[in-house]
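> Fold the stuff below for me.
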Amino acid sequence: MKIGKVVKFIFAALFIVFMAAVILRIFMLKDSRTLSDIYPTDAAKTAYAEDGSGAFLTHRPAEEISSDGYYSAYAMVYAPEEKELQLTARYNDSLPERYMLGSIPENYAWELRDVDGTVIAEGTVLDTAEKYRYNYVRVAFNGVEIDNDDELYLFLISDEVQYPEADTEGLRLHGPENSFKTYKPDKNEKNALEAE
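Numbering: from 1, shown residues only. Coordinates of the predicted model:
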């Protein structure tokens with residue numbers, strides 16, 4: 001085999017590996033299936049028992065990632081009759097070492113705040129998962145009333161590093177431009193919501 005062909009083959013192989021890495025990275029960033037199901041909390045079960053598949057509302061978060069870039073959220077489901085909001089937050093493994101130095105992930109807390117920064121609800125962690133380089137946290141907020149004109153923000157809190165700082169805005173979940181639509185639970189979710 002001639003040297004020119006070997007060089008072309010090596011460059012072609014490197015290009016294919018590079019493109020595969022790019023595609024894999026995009027796939028990892030866009031993964032929104034992990035912990036995306038409704039968690040069968042007492043409130044969710046009650047809502048489903050009373051209103052069936054019409055009990056839940058959803059829309060995509062108003063923003064994909066927090067203003068400081070620390071975390072993102074998806075799979076937001078709201079049960080207005082029970083005033084429970086569930087969502088999944090995701091953050092990179094490097095968060096405690098590179099951005100929130102000294103923070104302890106096991107001590108992270110989640111808050112919902114309004115546009116004035118007033119805490120509306122503190123989150124309860126329902127489930128966690130690790131996949132690729134990311135940590136996923138399914139969180140429920142109780143006592144949440146959302147009107148169409150409300151603005152709602154998600155905050156990741158860490159007492160160890162006194163976060164958030166005054167200029168932190170959090171992740172905008174809901175605003176006047178967002179419209180809820182009915183969320184239809186799938187078969188697995190229905191089975192979990194019907195379980196005793």
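> what's the nearest residue to Thr46 once chain neighbours are set aside in contact with, if anything?
In this structure, Thr46 finds its nearest non-sequential neighbour in Glu82, 5.7 Å apart by CB to CB, 6 or more residues apart in numbering. All C-beta atoms are positioned from the backbone trio N, CA, C, and that covers glycine. Shown in contact with Glu82 (CB atoms under 8 Å, 6 or more residues apart in numbering): Ala43, Ala44, Thr46, Ala47, Ala55.
> need the contact list for Glu130.
Contact partners of Glu130, counting by CB under 8 Å, 6+ apart, are Tyr136.
> re earlier: next up, identify which helix or strand the residue nearest to Thr46 is on.
Using DSSP states H and E, Glu82 falls within no helix or strand.
> Distance check, it against Glu145.
Distance, Glu82 to Glu145, by CB to CB, to the nearest Å: 11 Å.
> again, but for Glu189
Distance, Glu189 to Glu145, by CB to CB: 23 Å.
> quick one, which of the two is more surrounded?
Glu189 (21 against 11; other CB atoms under 10 Å).
> Tell me both backbone torsions, phi and psi, for the more buried one.
With angles defined as degrees, to the nearest 10, Glu189 sits at phi -60, psi -40.
> quick one, what contacts it?
Counting by CB under 8 Å, 6+ apart, Glu189 makes contact with Asp37, Ile38.
> can you list the weak-confidence ranges in this protein?
Applying pLDDT under 70 to the chain picks out residues 1, 4, 6-31, 33, 166-167.
> rerun that using 50 as the cut-off
Applying pLDDT under 50 to the chain flags the ranges 22, 26-28.
> just the helices in it please.
3-29, 42-51, 187-194 (DSSP state H).
> separation between Lys45 and Val77?
Counting by CB to CB, the separation of Lys45 from Val77 is 13 Å.
> Quick one: the contacts of Glu82 as JSON lines, columns for neighbour count and distance to Ser32 too.
Below are those laid out as JSON lines (neighbours: other CB atoms under 10 Å; distance: CB to CB, whole Å):
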{"residue": "Ala43", "neighbour count": "19", "distance to Ser32": "23"}
{"residue": "Ala44", "neighbour count": "24", "distance to Ser32": "19"}
{"residue": "Thr46", "neighbour count": "16", "distance to Ser32": "27"}
{"residue": "Ala47", "neighbour count": "24", "distance to Ser32": "23"}
{"residue": "Ala55", "neighbour count": "24", "distance to Ser32": "22"}
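> More neighbours: which of Lys45 and Val77?
Legend: neighbour count by other CB under 10 Å for Lys45 and Val77, higher for Val77 (24 against 19).
> Name whatever forms a beta bridge with the more buried one.
Thr58, Gln86 (DSSP bridges).
> Flag every buried residue along stretch 116-128.
The neighbour-count check on stretch 116-128 (16 or more other CB atoms under 10 Å) flags Ile120, Ala121, Gly123, Thr124, Leu126 as buried.
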